[in-house]
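Colleague: Quick one, what's the 3D model for this:
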Amino acid sequence: MELNDGNLQTLTEYLQKTLSPDPAVRRPAEKFLESVEGNQNYPILLLTLLEKSQDEVIRVCAAVTFKNYIKRNWRIVEDEPNKISDPDRTAIKANIVNLMLTSPEQIQKQLSDAISILGREDFPQKWPGLLTEMISRFQSGDFHIINGVLRTAHSLFKRYRHEFKSNELWSEIKLVLDTFAQPLTELFKATIDLCQTHATDVNALKVLFSSLTLISKLFYSLNFQDLPEFFEDNMETWMTNFHNLLTLDNKLLQTDDEEEAGLLELLKSQICDNAALYAQKYDEEFQPYLPNFVTAIWNLLVTTGQEVKYDLLVSNAIQFLASVCERPHYKHLFEDQNVLTSICEKVIVPNMEFRSADEEAFEDNAEEYIIRDLEGSDIDTRRRAACDLVRGLCKFFEGPVTGIFSGYVSSMLTEYAKNPGVNWKHKDAAIYLVTSLASKAQTQKHGITQANELVNLCEFFVNHILVDLKSPNVNEFPVLKADAIKYVMTFRSQLPKEQLLEAVPLLVAHLQAESIVQHTYAAHALERLFTMRGANNATLITPAEMAPFTEQLLNNLFKALAIPGSSENEYIMKAIMRSFSLLQEAIVPYIPTLIGQLTHKLLLISKNPSKPHFNHYLFESLCLSIRITCKANRDTVGSFEEALFPVFTEILQNDVQEFVPYVFQVMSLLLEIHTSSIPSSYMALFPHLLQPVLWERTGNIPPLVRLLQAYLEKGATTIASAAADKIPGLLGVFQKLIASKANDHQGFYLLNSIVEHMPPESITQYRKQIFVLLFQRLQSSKTTKFVKSFLVFINLYCVKYGAIALHEIFDDIQPKMFGMVVEKIIIPEVQKVSGQVEKKICAVGITKILTECPAMMDTEYTKLWTPLLQALIGLFELPEDDSIPDDEHFIDIEDTPGYQTAFSQLAFAGKKEHDPIGDAVNNPKILLAQSLHKLSTACPGRVPSMLSTSLPAEALQFLQGYLQAATVQLV
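Modeller: As a prediction, the model looks like this:
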């Protein structure tokens, strides 16, 4: 693509169309941009537009498109084409920093993100000048530019907070500290001085305080992994200024907005985080400064109001106290009963209250509320922080703290009882207090696993929780109902089974509540109860115990999906999946109705998929319906195909990328159920599955390979007779997969199925070419994973076509090749093969080579016979060799570019492990003994003499054991 006005105009028009709300306009435009993004100069055209376009909307759109393009394509993946040309890469790195710093803030943020993606891949090795270019801009004195640099540095360095320690990481951080720490400290001091100079200029202060906040964030990132020497030497400068900023109150920076945190709050929250980091990790060095910080943060907490804008500040301040109070050598600060009472009264109880802002979120922004309350999202709430502080204090002062709070809980419940309609928030706070007091250790799977002995959970359940669950009007006091449901869910491992069983029908009734939070919690609680395990690892609640409520449960779950605001509620969908899984054949009578509802839902969401979890559980539920029904009656598979194929066809035709991998998995499941020949509806689709474009997306590869395997298993003869012209296409897929280190194992899955199922004559002409391709890959990049798969394949080939055929095909490619493979690959590497079926294939294959290949007995290959037998006995008896050479780190599928729909395995579409040898050989050791016996009968005396001269004693002993077990002997 040339850099000219015509192309800029075309690009502008397409970007304009991508903003259209009409999918018929938007989709083709997105497809067009996707089709040209591989062209040279495409990113440069985008950067030119975002710099020079007169239309502000187009500039922002170009910036967002550019950032997403970088996100998808910048990383260079081994074995994959480089998607951005080298000249474009160089031009981008040369111009982007300057462009970012001179752009308006909205565009600056997008480009700053893009730089952090580039930096993640290229800094420091391939982009050594990045930091010096950024630091040189500190001298400009222009804070729009300085903040751009700081924002970019923050997005570059924040990964230091969650990266695992490694030499590479340490050397990068060292380089950053050597270059960046001093200028950052100077900038910090200068900015603080400027705040005093401009103390009365509100606009200047806003810019300066956003700089200070960014500087504080950078301080956190750079100090996270370890305490750098530079910051230890300059601790006085940083901590004194941080302390002063915490106690500062500038009237000009106070905002009237009650919701949005102002600059002052954001800065102080970050300083609380920094102080907590030092208190937790570097307590010795931080000791001299700690008392001042405790006092300052305590005063902050006591004087800060209940408005939402202070939430982050208050929760970070409380988290600071929580991290201090559980460190043994700060214990003395909290020992006094008056201090504990004061903390409980002035910090914990006020921050546990359910505020009007929480009530608004509960009613009007249920999704956000659920994420915060149920999933423990990153948005720290006051309640969560207060709860953490209670846990922290209980570490050393469980008795006194429980005592203080028991008084509060009693008085709150008494207040509630006086007038429930008005005082319901008191009961809400009481339940929250009991929960935070009782919870010591928690896991996602089991809820609370360790509880405070001093709190009687069952008694509280019977006296205060059941009342709300049993209330005849499910829509009265929705917050308390949600609290009661959450209590059951949280303490499910602590409550006796009879109480849980009593709760189940009540929870089923709450699925009909109008409140989104309430029916979501009910669905989530049921889903968690259904996963609990009892004796013998069976589910705690049995299908028989659910029988009286089954119909009601299924009805209410599907009705809940129709409540406004919950049409794509992932918790409800997950509960549907879990109910199917628990109830098994009990759902069969309901399936005809339910499958219609599920497919209708699938059709609706495929128009615009937006909730990945919901979609996943929907497909899981479809798989369960198919599995359970077809297990009871295989012939019903046709009715599922009738219901699902129209929707599947639409998904495939419209190329709904998120759903295509799921569709392939469900189709595999359906096809694998068929017992007779392959239905014509599947054969019509077969040629489309071989289209190269489908194989470009990594997420499609595992499910597509599995689907092709199902085709081969059920319809190899049909393919050989009716679609023989498609065999080269099938082998083309294998060739593409085998070339990639990430996907070569998938190529072998496909190849193994071809060898196992295709009629031999249909692939005769291609066999040699297949082996040549494998040898080329072995020579160009031999990896452990490839060798393991290769071994399984050649042994499967040997089992299928015989040892002589294997010997011939090798020596046909190159004389003596067979001996080289046995000596250089099979003997040294077979110990690495893992998996029961894989080991069995190798054992049977090697047995055939040893006993059914004349060349092994009568040519120069004979010297390999005993070492090969020894390798086979090693495969049986020695532990698997799972060592991997240092220079091999496999590309994990997760590491391939992030935008592509990653493959999500459907648990309930799982494939049974297939054993191509099956019952023909139950015990490979016995087979070896019998085959050696047969060989020794054919050439008496040879086998025992080969064994006695060169097989080590230990191996010989094992072999004697096999011969005895098979009741045969060598002649």
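
Colleague: Show me what counts as buried in the helix ranked longest in the chain.
Modeller: With DSSP state H setting the assignment, residue counts place helix 382-418 as the longest helix in the chain. Applying a neighbour-count criterion of 16 or more other C-beta atoms under 10 Å, one finds 382-394, 396-398, 400-402, 404-405, 408-409, 412-413, 415-416 buried in helix 382-418. Just so you know, the C-beta spots here come from the backbone N, C-alpha and C atoms, and that holds for glycine as well.

Colleague: got the angle for the helix or strand just after it vs helix 382-418?
Modeller: Going down the chain from helix 382-418, the next helix or strand is helix 420-438, by DSSP states H and E. In terms of direction (axes from the mean of the first three to the mean of the last three C-alpha atoms, to 10 degrees), helix 420-438 departs from helix 382-418 by 130 degrees.

Colleague: hmm, who's touching helix 420-438?
Modeller: Applying C-beta atoms under 8 Å, 6 or more residues apart in numbering, the contact partners of helix 420-438 are 349, 352-354, 383, 386-387, 390-391, 394, 401-402, 405, 408-409, 412-413, 415-416, 448, 451-452, 455, 457, 460, 464-465, 477, 479-480, 483-484, 486-487, 490-491, 494.

Colleague: For that helix, give the mean pLDDT please.
Modeller: The average pLDDT for helix 420-438 rounds to 93.

Colleague: Poorly predicted segments of the protein, please.
Modeller: Along the chain, segments meeting pLDDT under 70 span 376-380, 441-446, 448-449, 885-902.

Colleague: give the contact list for F530.
Modeller: Residues near F530 by C-beta under 8 Å, 6+ apart: T539, I541, A575, R578, S579, S581, L582.

Colleague: Tell me the secondary structure at it.
Modeller: The local conformation at F530, judged by DSSP: H, G, I helix; E, B strand; the rest coil, is helix.

Colleague: So F659 sits against N608, correct?
Modeller: No - distance between F659 and N608: 11.3 Å, which falls outside the contact criterion (C-beta atoms under 8 Å).

Colleague: Which one's more surrounded, the two?
Modeller: F659 (24 against 8; other C-beta atoms under 10 Å).

Colleague: Can you classify the residue lying closest to the more buried one once chain neighbours are set aside as helix, strand or coil?
Modeller: Distances taken as C-beta to C-beta, 6 or more residues apart in numbering put I651 closest to F659, at 4.9 Å, once the chain neighbours are dropped. When classified by three-state DSSP, I651 comes out as helix.

Colleague: For burial, what's the neighbour tally of I651?
Modeller: So I651, with other C-beta under 10 Å, has 19 neighbours.

Colleague: Contact partners for it?
Modeller: Counting by C-beta under 8 Å, 6+ apart, I651 has contacts S606, F659, V660, V663.

Colleague: Then L340?
Modeller: F334, L393, F397, P400, V401, I404.

Colleague: measure it to C394 for me?
Modeller: 11 Å (C-beta to C-beta, to the nearest Å).

Colleague: got the end-to-end distance for stretch 34-47?
Modeller: Chord length of stretch 34-47, first to last residue, is 17 Å (C-alpha to C-alpha, to the nearest Å).

Colleague: Mind jotting down where the strands sit in the protein?
Modeller: Residue ranges of the strands in the chain, as given by DSSP state E, are 439-443, 447-451.

Colleague: Could you report the neighbour count for L796?
Modeller: By the criterion of other C-beta under 10 Å, L796 has 23 neighbours.

Colleague: what do you get for the one 3 residues further on?
Modeller: Applying other C-beta under 10 Å, we find 24 residues neighbouring V799.

Colleague: do you know how far it is from D364?
Modeller: According to C-beta to C-beta, V799 and D364 sit 65 Å apart.

Colleague: that older thread, what residues are shared contacts of L340 and C394?
Modeller: V401.

Colleague: what about the helices in the stretch 551-700 of the chain?
Modeller: Assigned by DSSP state H, counting those that start in this stretch, the stretch 551-700 of the chain shows helices spanning 570-583, 591-606, 612-632, 637-653, 660-673, 680-689, 692-695.

Colleague: The closest residue to Q110 other than its chain neighbours: neighbouring residues, count only.
Modeller: Leaving aside its chain neighbours, Q110 sits nearest to A63 (3.9 Å; criterion: C-beta to C-beta, 6+ apart). Residues within reach of A63, counting by other C-beta under 10 Å, total 27.

Colleague: Assess the claim that A63 and S112 are in contact.
Modeller: No - counting by C-beta under 8 Å, A63 stays clear of S112, with 10.2 Å between them.

Colleague: got a list of what the residue nearest to A710 when sequence neighbours are not counted touches?
Modeller: What sits nearest to A710 in space, not counting adjacent residues and going by C-beta to C-beta, 6+ apart, is L671, at 4.2 Å. Residues near L671 by C-beta under 8 Å, 6+ apart: I678, Y682, L707, A710, Y711, K714.

Colleague: mind putting those residues in JSON lines, distance to H524 and neighbour count included?
Modeller: Output for those, formatted as JSON lines (distance: C-beta to C-beta, whole Å; neighbours: other C-beta atoms under 10 Å):
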{"residue": "I678", "distance to H524": "41", "neighbour count": "21"}
{"residue": "Y682", "distance to H524": "38", "neighbour count": "21"}
{"residue": "L707", "distance to H524": "33", "neighbour count": "24"}
{"residue": "A710", "distance to H524": "35", "neighbour count": "23"}
{"residue": "Y711", "distance to H524": "39", "neighbour count": "25"}
{"residue": "K714", "distance to H524": "40", "neighbour count": "21"}
